[in-house]
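Trainee: everything below, folded, please.
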Amino acid sequence: MKLIFLDADGTLLHSDGHIPKSAILACELAQKNGHKICLGTGRQVVEIIGDLKKINFDASICGSGSTVIVDDKIIYDSNFDYEESSQLKKYFFNNQIPFIVEGSHGLFSTQNVVDYLNSNLDKLCYNLSEEEKSKHSLALVIQQIHVVSTDELKKCPINKIAFLNSPIPLEEIEKQFSQKYDVIPSTYPPYGKMSGEITRKHITKANGIDIIVKHFNISKDNIISIGDNYNDLPMFEKSGFSIAMGNSVDEVKKQANYVTDDILQDGIYNAFKKLNII
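Mentor: From the prediction side, this is the model:
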């Protein structure tokens, strides 16, 4: 039995909100052959929506390792403590950097952030019908955001912060926080350039894999991971075999054992066939 970890955005899920039929079929066939299909995503629990519901995941890593689900039950959930949360929010408020507070309980932000995301959505979907636009992955994310006041946002518990359209370079934000937190470029392109993510130190998808591996009692040799972006590299380190999508960033391709085809060229299905998973 293999334990197969699949990233969501850019790996399973195209930015327009659909999962290729070949990828869904590959997952179904792999499970019929006795393998476990696990989601490893930066998305929160409430963002496992749309086409992601078409796959019956045996386990899920959400919030880049902050929340772990097995058999539809949360078995691990980790938040910033109050002091950490306050420090981060104060920095982004003071520097006028829009951000979204994320946790297994939901997504929260202010109206100006939702307005910015809706503007991005209009640009991405300018040539689509209203029905097609409503199915875009960004439209589905926006629907999950609870609009709150600044004072309410300060009180929300978090396990990850997504900052958007920052006037301050990512390198400066990383320098400010990297000793205490993990800071990476945004792994979700529709958020726009100069966007990024902050999680607690050492809370990564690798952390999630450790928890799930212990639950299923599986060795590293039987772990396969597939991804396309920076936050997938910790999964690669925990896997006996790692696969980069053809549309991956260059660093992910360099670290992978194998590079499959693009998401829209049956990348997952072809990788499963190559490894005799299906």
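
Trainee: just checking, residue 253 touches residue 244?
Mentor: Yes: Residue 253 is within contact range of residue 244, at 4.6 Å (criterion: Cβ atoms under 8 Å). Where you see a C-beta, it was placed from the backbone N, CA and C, and this is true even at glycine.

Trainee: out of those two, which sits in the busier spot?
Mentor: More crowded of residue 253 and residue 244, by other Cβ atoms under 10 Å: residue 244, with 29 against 15.

Trainee: contacting residues for the residue lying closest to the more buried one once chain neighbours are set aside?
Mentor: Excluding the flanking residues, the one nearest residue 244 by Cβ to Cβ, 6 or more residues apart in numbering is residue 256, at 3.6 Å. The contact partners of residue 256, by Cβ atoms under 8 Å, 6 or more residues apart in numbering, come to 236, 242, 243, 244, 248.

Trainee: let's see 6 Å
Mentor: 242, 243, 244 (Cβ atoms under 6 Å, 6 or more residues apart in numbering).

Trainee: now do the first one against residue 224, distance only.
Mentor: Put plainly, it is residue 242. Going from residue 242 to residue 224 by Cβ to Cβ, to the nearest Å gives 7 Å.

Trainee: kindly export stretch 197-213 (C-alpha atoms) in PDB.
Mentor: Extracted C-alpha coordinates of stretch 197-213, given in PDB (Å, rounded to 0.1, in the frame of the first residue of the first chain):
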ATOM      1  CA  GLU A 197       2.000  33.200   3.700                       C
ATOM      2  CA  ILE A 198       3.100  33.000   7.300                       C
ATOM      3  CA  THR A 199       2.800  29.900   9.400                       C
ATOM      4  CA  ARG A 200       4.200  28.800  12.700                       C
ATOM      5  CA  LYS A 201       7.800  27.600  12.600                       C
ATOM      6  CA  HIS A 202       8.100  23.900  11.600                       C
ATOM      7  CA  ILE A 203       4.300  23.700  11.000                       C
ATOM      8  CA  THR A 204       4.500  22.500   7.400                       C
ATOM      9  CA  LYS A 205       3.000  19.800   5.200                       C
ATOM     10  CA  ALA A 206       5.900  17.600   6.500                       C
ATOM     11  CA  ASN A 207       4.400  17.900  10.000                       C
ATOM     12  CA  GLY A 208       1.100  16.700   8.600                       C
ATOM     13  CA  ILE A 209       2.700  13.800   6.900                       C
ATOM     14  CA  ASP A 210       4.400  12.700  10.200                       C
ATOM     15  CA  ILE A 211       1.000  12.600  11.900                       C
ATOM     16  CA  ILE A 212      -0.700  10.700   9.100                       C
ATOM     17  CA  VAL A 213       2.200   8.200   8.600                       C
END
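
Trainee: strands along this structure, start to end?
Mentor: Assignment of strands within the chain using DSSP state E yields the ranges 3-6, 36-40, 59-62, 67-70, 73-77, 99-103, 106-109, 145-147, 160-163, 181-185, 196-200, 223-227, 241-244, 258-259.

Trainee: so what touches the last one?
Mentor: Residues lying outside strand 258-259 but in contact with it, judged by Cβ under 6 Å, 6+ apart, are 243, 244, 253.

Trainee: quick one: residues contacting residue 67.
Mentor: Residue 67 makes contact with 45, 77, 104, according to Cβ under 6 Å, 6+ apart.

Trainee: hmm, residue 13 and residue 6 touching each other?
Mentor: No: when contacts are counted by Cβ atoms under 6 Å, residue 6 is not listed as touching residue 13 (9.6 Å).
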